[in-house]
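Chemist: give me coordinates for this.
(chains A and B)
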Amino acid sequence: AAGVIQSPRHLIKEKRETATLKCYPIPRHDTVYWYQQGPGQDPQFLISFYEKMQSDKGSIPDRFSAQQFSDYHSELNMSSLELGDSALYFCASSRMGEQFFGPGTRLTVL
Amino acid sequence: GQQVMQIPQYQHVQEGEDFTTYCNSSTTLSNIQWYKQRPGGHPVFLIQLVKSGEVKKQKRLTFQFGEAKKNSSLHITATQTTDVGTYFCAGPDSGGSNYKLTFGKGTLLTVNP
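Modeler: Next comes the predicted model:
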């Protein structure tokens, strides 16, 4: 069965640079979520999209933005990166409530 | 905002022993979900409980949803080394299919063979 695809899997950036993370949800899933997970932490909800419209917003910094495109893939754009942005970023998709997580993008900010 | 508390934070058991993690929400939940995350992996959906007092079983795993729909538990019977990982409960902030989840802090289970 198709799973959620995220790219890249690993990303290394310098402080103040920008990063773009991509997510390809499971086909026919209507909702996409973005989470940030620090080491030893639980996933923290950032933002979600339902049918390409932003549906909920969590603790997402103003430096971050996201969108969902006509083909349902989503991108998380992160600017002015800080050391504290180093984390695992998960994308998840759902259709009926249960969320299917992608493998994540490990972002390291040096 | 909604808070989801989970205990214990860590649990180390000998293989064959039982394990239980408890989850408590500050608000009544429409449903509760459980996820497992292996070390270095991503959260994997285990189950969703919807009804008050609901009990569901998956082989050696037993999930319960409290009568007041504010607490839940996951019990593993006779743990195996393959059970190692962090178990998270998660509750939605609002009803409907496009909601966000608030995760508990998780319980990290380690199993000594």
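Chemist: not counting the helix or strand encompassing B:T86 itself, show me its contacts.
Modeler: Following DSSP states H and E, one finds B:T86 within strand B:85-92. Residues from elsewhere that reach strand B:85-92 (Cβ atoms under 8 Å, 6 or more residues apart in numbering or on different chains): A:42-43, A:97, B:2, B:4, B:6, B:21, B:23, B:25, B:27, B:29-39, B:41, B:43, B:46, B:72, B:74, B:99-104, B:106-109. All C-beta atoms are positioned from the backbone trio N, CA, C, and that covers glycine.
Chemist: check contacts around B:L61.
Modeler: Neighbour list for B:L61: B:46-47, B:74-77 [criterion: Cβ under 8 Å, 6+ apart].
Chemist: in ChimeraX, how would I select the buried members of the contacts of strand B:85-92?
Modeler: Isolation of the buried members of those (16 or more other Cβ atoms under 10 Å in any protein chain shown) is achieved in ChimeraX through the command below:
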select /A:42,43,97 /B:4,6,21,23,25,29,31,32,33,34,35,36,37,43,46,72,74,99,100,101,102,103,104,106,107,108,109
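Chemist: on that earlier part again, of the contacts of B:L61, closest to A:S74?
Modeler: Proximity of the contacts of B:L61 to A:S74 (Cβ to Cβ) peaks at B:L46, which lies at 24.5 Å.
Chemist: was I right to think that closest one contacts B:Q37?
Modeler: No - using Cβ atoms under 8 Å, B:L46 makes no contact with B:Q37, being 10.4 Å away.
Chemist: grab the nearest non-local neighbour of B:T107.
Modeler: B:T21 (3.9 Å; Cβ to Cβ, 6 or more residues apart in numbering or on different chains).
Chemist: and that neighbour, which of the three is it?
Modeler: Look at B:T21: counting by DSSP: H, G, I helix; E, B strand; the rest coil, its state is strand.
Chemist: does it have beta-bridge partners, and which?
Modeler: B:L74 (DSSP bridges).
Chemist: distance of it relative to B:G104?
Modeler: B:T21 sits 9 Å away from B:G104, going by Cβ to Cβ, to the nearest Å.
Chemist: what's the helix or strand for B:L109?
Modeler: strand B:107-112.
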